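Colleague: this one's structure only:
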């Protein structure tokens, strides 16, 4: 099945994804005055789901009842694969802004659309610029707008979850926002880092945990450790 699927991916799947991506980017740019409205969000959700559908990666989602779409949160997720972005964007019920590496700004149409949509680009090589990006995302987190951050900072190289960095937790503490753990399961097997094709019909799952108030912890390190444990616990809740 590997060779036929690779042919499907490159001859059908990828070209259709490019078409859907261009449509979504142009629609997002045109809808700039209503960037937080329902229409742009609906099209972006359709785009994300279409990518996984076209790559033949069905997903199971649990825990959506744990969050209120009208509440602002800081979501933290483990980072297994390039596909993680589409899973979170397509199935998280909340409207949110990504914090993404600045290199993505250079992608034609997509980079412009992300900027127009209010996503924040982070220069990880420049601490001062990175701090300014954090301040920008803080201004966005009002009226039910959330943010999603991969606190590991990069995709796993071996399937194991890495150490969490403090950025997401500092934002949550400064703004007194609850943090919600997101557990991604199976995405590493579907498309490991540096692989250029996807294993079709991989069993992938996204689990949304319950919001956690960080004021209950003695310090940021204790909060980080607790959230990391919660993400790991969510990864054990597999649905067949």
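Modeller: All right, it came through fine. This is a predicted model, so every value here is computed, not measured.
Colleague: Strands of this protein, start to end?
Modeller: 59-62, 74-77, 96-101, 120-122, 146-149, 179-185, 204-208 (DSSP state E).
Colleague: The first one pairs with which strands, and in what direction?
Modeller: Spelled out, that is strand 59-62. strand 204-208 (parallel) (DSSP bridges).
Colleague: what angle do the strand it pairs with and strand 179-185 make?
Modeller: Angle, strand 204-208 to strand 179-185, by axes from the mean of the first three to the mean of the last three CA atoms, to 10 degrees: 170 degrees.
Colleague: Relative to the whole chain's centre, how far out is strand 204-208?
Modeller: A distance of 12 Å separates the centroid of the chain from that of strand 204-208, by CA atoms, centre = their mean, to the nearest Å.
Colleague: Other residues contacting that strand?
Modeller: Contact partners of strand 204-208, identified using CB atoms under 8 Å, 6 or more residues apart in numbering, comprise 57-64, 66-67, 83, 87-88, 91-92, 180-187, 190, 234-235, 237-239. For glycine as for every other residue, the C-beta is placed from the backbone atoms N, C-alpha and C.
Colleague: any low-confidence regions in this structure?
Modeller: The chain contains residues with pLDDT under 70 at 1, 124, 126-127, 129-130, 239-240.
Colleague: which residues of it fall in helices?
Modeller: For the chain, the helices defined by DSSP state H occupy 2-8, 14-30, 38-54, 84-91, 110-116, 127-140, 167-175, 187-190, 220-235.
Colleague: most packed of the strands of the chain?
Modeller: Mean neighbour count (mean count of other CB atoms under 10 Å) peaks for strand 74-77 among the strands of the chain, with a mean of 26.
Colleague: which residues are contacting it?
Modeller: 84, 88, 92, 94, 96, 141, 146-151, 164, 168-169, 171-172, 175, 177-184, 227, 231.
Colleague: hmm, 6 Å instead?
Modeller: 147-151, 168, 171-172, 177, 179-182, 184, 227 (CB atoms under 6 Å, 6 or more residues apart in numbering).
Colleague: do stretch 116-126 as well
Modeller: Stretch 116-126 is contacted by residues 28-29, 32, 35, 97-100, 102, 105, 129-130, 133, 136-137, 140 when judged by CB under 6 Å, 6+ apart.
Colleague: and it, how far out from the chain's middle?
Modeller: Per CA atoms, centre = their mean, the centroid offset for stretch 116-126 relative to its chain is 14 Å.
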